[in-house]
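Novice: Here is the input, now give the coordinates:
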Amino acid sequence: CAVCLGHSPHHTIECVAAQTWDKKFDTFLEHIHKGLWMKDGKQLCTGWQREEGCNIPRHDTHHFCSGCGATTHGAQKCPRAER
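Specialist: Reported below is the predicted structural model:
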């Protein structure tokens, strides 16, 4: 899940977790109208959060990890994600 970084079966768009799966970190984002938004107002690319990432360079400004805010990886490769 791009919100809580957990692997329990649920839909990301329905996840309202305030903390990551292990309760160690506050979540970085919220979903608004089926989009993922950082709590500071930046929209995230949902494709970037997947294992394969996103290859659309015209919106690189949306390529932040939903788990930690890094620009080097998405949620599936985040060190905070459940393994």
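
Novice: Poorly predicted segments of this protein, please.
Specialist: Low-confidence regions of the chain, defined here as pLDDT under 70, do not occur.

Novice: so what's C54 up against?
Specialist: When contacts are counted by Cβ atoms under 8 Å, 6 or more residues apart in numbering, C54 touches C45, G47, W48, H63, G74. The C-beta positions use only the backbone N, C-alpha and C, and glycine is treated the same way.

Novice: so what's it closest to, chain neighbours aside?
Specialist: Distance criterion Cβ to Cβ, 6 or more residues apart in numbering; nearest residue to C54, sequence neighbours excluded, is G47 at 3.6 Å.

Novice: about what we covered before: so, if you compare the contacts of C54, which one comes nearest to T27?
Specialist: G74 (14.8 Å; Cβ to Cβ).

Novice: Quick one: residues contacting the spatially most central residue of the chain.
Specialist: Nearest residue to the geometric centre of the chain (Cα atoms, centre = their mean): S66, 2.5 Å. For S66, the contact set (Cβ under 8 Å, 6+ apart) comprises A2, V3, L5, F28, L29, L36, M38, L44, Q49, G74, A75, C78.

Novice: In strands only, show me those.
Specialist: Within the contacts of S66, residues falling in strands by DSSP state E are L29, L36, M38, L44.

Novice: The last one reaches M38, doesn't it?
Specialist: Yes: contact criterion Cβ atoms under 8 Å: L44 and M38 qualify, at 6.3 Å.
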